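> Need a 3D model of the following:
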Amino acid sequence: RSSVSDLVCAEKKTRLPKEQIRWNRVGFIYVEKPLYQPNSELNQPGWWPDPLLAPCEFPIYVDETQPLWFTIHVPQDAEPGMYTGEISIAAKGVTTVQDGAVRNLLYGLPVIHVPVKVKVLPITLPPKGKVKTAFALMDSYLKLLHGADYTPQLRRAYVDYMLDCRMNPDDISRTEPADI
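Here you go, the predicted model:
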């Protein structure tokens, strides 16, 4: 389980609320033939990081690494400055003890506290991007992935997520106009 604190700019006495911080587990896909330079050592089949998976509880096995991806949304009216806070990561069954001793009740392991620093610059990104792009969001693949659970609301959730990440969703091989 993970939790985040507000990010605080001590100099300006302002904060970025923790609700502006989103985390995802990084998923892996097996790639039979990676597309690198022809003679690269990296042209080996194997598990490669790719999808950002929805937040949920997940197992971590011995001798495995599980990356997490954190996205911090900085509001347009945020004061410039250095903001600091922390991310806490713990295994299921952890209890925090007030005297500073934090132990995992199941395994005796500590909670991990990762300091976070974010520098907010005195610039504002426009709400709408200037570069025209098209990222494939193909209904046929979504239907294949979700089967009977595929709905217009689920498609809209994919579109909203892509727009939130400043991507322009499109189905470049569609035969009918987009229904957005």
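> Tell me how many other residues surround Gln20.
Neighbourhood size, Gln20 [other Cβ atoms under 10 Å]: 16. For glycine as for every other residue, the C-beta is placed from the backbone atoms N, C-alpha and C.
> Number the chain from 532, please
Right, with 532 as the first residue, what we last looked at is Gln551.
> what residues are up against it?
Gln551 makes contacts with Ile603, His604, Val605, Pro606, as judged by Cβ atoms under 8 Å, 6 or more residues apart in numbering.
> which of those lies closest to Ala585?
Looking at these and their distance to Ala585, the nearest is His604, at 17.0 Å (Cβ to Cβ).
> Now the closest one: closest residue in space that isn't a chain neighbour?
For His604, ignoring the flanking residues on the chain, the nearest one in space by Cβ to Cβ, 6 or more residues apart in numbering is Gln551 at 4.6 Å.
> Send me the longest helix along the chain as PDB with only the CA atoms.
For the chain, the longest helix by residue count, based on DSSP state H, is helix 683-695. Taking Å, rounded to 0.1, in the frame of the first residue of the first chain, the C-alpha atoms of helix 683-695 are listed here in PDB:
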ATOM      1  CA  PRO A 683     -19.500   3.700 -24.000                       C
ATOM      2  CA  GLN A 684     -18.800   4.900 -20.500                       C
ATOM      3  CA  LEU A 685     -15.700   2.700 -20.300                       C
ATOM      4  CA  ARG A 686     -14.500   4.100 -23.600                       C
ATOM      5  CA  ARG A 687     -15.100   7.600 -22.300                       C
ATOM      6  CA  ALA A 688     -13.000   6.800 -19.300                       C
ATOM      7  CA  TYR A 689     -10.100   5.800 -21.600                       C
ATOM      8  CA  VAL A 690     -10.600   9.000 -23.600                       C
ATOM      9  CA  ASP A 691     -10.600  11.100 -20.400                       C
ATOM     10  CA  TYR A 692      -7.500   9.500 -19.100                       C
ATOM     11  CA  MET A 693      -5.700  10.100 -22.400                       C
ATOM     12  CA  LEU A 694      -6.800  13.800 -22.400                       C
ATOM     13  CA  ASP A 695      -5.700  14.100 -18.800                       C
END
